[in-house]
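# this one's structure only:
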């Protein structure tokens, strides 16, 4: 259930990867400010995120972003009920920057500090500017994570399936690199695929038991396809066909999970939830309403972190890696960095 009614306005801090973010959120739903400073241009040079570089940029930006979030919300430290920060999963060095900032402010301002699970925060992005409540089935596709989760209540969930190797987001980044597209790969492929034929190439879907996913073989299939083609490659068709294969797998298994649970809603969360083809397919094939956050809340942001602090008691009690019902024999990526 909700936190103590007295604690309604949170300052959220997010530094799990390559966005330095701070936000002020009231009652877990009303966004008073949401400030994000992206490092994408910096890391495009390297074709991916360099942890040491990301941590240094977070150090340079964190104080300014926090001050900006308070200024845009027209609030001061006296108006806050608590401070929330992402504690994982993420890059260790970048997480430490946000945690250290949050700890310092918590001590200096005498405010409670709430650690937030990054994956749970992505789910909570759906509560921002809405009145959505569980139960629902959630497809969470963020960075190195692809999961189908059934939420019976805000703090009651069960993981029904997840990736056993590459996550969907990782596959997008790797295929984008094969095609010579810039980082991050998801938006680049999504944009290019709009001009391509999604049925030009037939890429396989891994045959996984139950509701688990595997995208490593799909990436390899694209590589083998490119090796057989003459230059110049039909890049738009390859991008469209690859995206078609990924989204088909995501939609099919999410709908199967929905049927098994009887959930009245399907919720999308994480960076890949911004994918236009995934949204359209899910809406077209689902028998129940499909809900997803605004694009600005799909990628890493601090508003979702502040919302998560409101809807859970503490991150220590809710980390997705702590679901005992999900077999430990299956390869879990819940605690792995992006």
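Looks like it came in fine. A quick note: this is a predicted structure, and the numbers were derived from the prediction, not measured.

# Please give the element, helix or strand, for residue 115.
strand 113-117 (DSSP states H and E).

# Quick check: which helices or strands does the helix or strand just after that strand pack against?
Once strand 113-117 ends, the next helix or strand along the chain (criterion: DSSP H and E) is helix 118-124. Secondary-structure packing of helix 118-124 (3 or more CB pairs under 8 Å, 6 or more residues apart in numbering; DSSP states H and E): strand 82-88, strand 136-142, strand 145-153, strand 266-269, helix 303-311. Any C-beta I mention is one placed from the backbone N, CA and C, and that applies to glycine too.

# Of all the ones you listed, which one comes closest to residue 170?
strand 145-153 (8.8 Å; CB to CB).

# and that closest one, how far from the chain's centre?
12 Å (CA atoms, centre = their mean, to the nearest Å).

# what packs against that strand?
Under the contact definition 3+ CB pairs under 8 Å, 6+ apart, strand 145-153 sits against helix 118-124, strand 136-142, strand 156-162, helix 168-178, helix 235-261.

# what lines up beside it in the sheet?
With DSSP bridges as the test, strand 145-153 is paired with strand 136-142 (antiparallel), strand 156-162 (antiparallel).

# and that strand, what's its mean pLDDT?
The average pLDDT within strand 145-153 is 95.

# Stretch 176-192 now?
For stretch 176-192, mean pLDDT is 93.

# With stretch 58-73 instead?
Rounded mean pLDDT across stretch 58-73 is 97.

# for stretch 79-94, same thing?
94.

# Show the end-to-end separation of that stretch, please.
Stretch 79-94 has an end-to-end distance of 27 Å (CA to CA, to the nearest Å).

# Might one say that residue 226 is in contact with residue 180?
No: using CB atoms under 8 Å, residue 226 is not in contact with residue 180, being 10.4 Å away.

# Tell me which of those two has more neighbours.
Legend: neighbour count by other CB atoms under 10 Å for residue 226 and residue 180, higher for residue 226 (15 against 9).

# which residues are in contact with the helix or strand hosting the more buried one?
Using DSSP H and E, residue 226 maps to helix 216-228. Helix 216-228 is contacted from outside by 165-166, 171, 174-175, 178-179, 201, 203-206, 233, 238, 242, 245-246, using CB atoms under 8 Å, 6 or more residues apart in numbering.

# Buried members of those residues into ChimeraX, please.
To isolate the buried members of these in ChimeraX, using 16 or more other CB atoms under 10 Å:
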select :165,166,171,174,175,178,179,201,203,205,206,238,242,245,246
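
# Return the residues in contact with the residue most central in space within the chain.
Residue closest to the average C-alpha location in the chain (CA atoms, centre = their mean): residue 270, at 2.6 Å. By CB under 8 Å, 6+ apart, the contact set of residue 270 is 122, 140, 141, 142, 143, 145, 169, 298.

# and those residues as JSON lines, adding distance to residue 67 and neighbour count?
Formatted as JSON lines, the contacts of residue 270 follow (distance: CB to CB, whole Å; neighbours: other CB atoms under 10 Å):
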{"residue": "122", "distance to residue 67": "26", "neighbour count": "29"}
{"residue": "140", "distance to residue 67": "32", "neighbour count": "23"}
{"residue": "141", "distance to residue 67": "33", "neighbour count": "30"}
{"residue": "142", "distance to residue 67": "28", "neighbour count": "27"}
{"residue": "143", "distance to residue 67": "28", "neighbour count": "27"}
{"residue": "145", "distance to residue 67": "31", "neighbour count": "25"}
{"residue": "169", "distance to residue 67": "31", "neighbour count": "25"}
{"residue": "298", "distance to residue 67": "25", "neighbour count": "23"}
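
# where's the dip in pLDDT among those?
Within these, residue 143 has the lowest pLDDT, namely 78.

# Dihedrals phi and psi, it?
phi 50, psi -120 (degrees, to the nearest 10).

# Assign the residue of the chain positioned farthest from its centre to helix, strand or coil.
What lies farthest from the middle of the chain is residue 230; by CA atoms, centre = their mean that is 36.3 Å. Residue 230 falls in the coil class when you classify it by DSSP: H, G, I helix; E, B strand; the rest coil.

# Quick check: residue 126 touching residue 293?
Yes: with contact defined as CB under 8 Å, residue 126 and residue 293 form a contacting pair (5.3 Å).

# and for the two, which residues touch both?
268, 269.

# which of the contacts of residue 270 sit farthest apart?
145 and 298 (13.7 Å).

# where does the residue nearest to residue 136 when sequence neighbours are not counted fall, phi/psi-wise?
Nearest residue to residue 136 in three dimensions, chain neighbours excluded: residue 265, at 3.9 Å (CB to CB, 6 or more residues apart in numbering). The phi and psi torsions at residue 265 (degrees, to the nearest 10) take the values phi -140, psi 150.

# ok, residue 265 - contacts?
Counting by CB under 8 Å, 6+ apart, residue 265 makes contact with 132, 135, 136, 137, 288, 289, 290, 291.

# Please apply the same query to residue 29.
Residue 29 neighbours (CB under 8 Å, 6+ apart): 127, 128, 129, 130, 131, 307.

# If anything else comes up later, I'll come back, but that's it for now.
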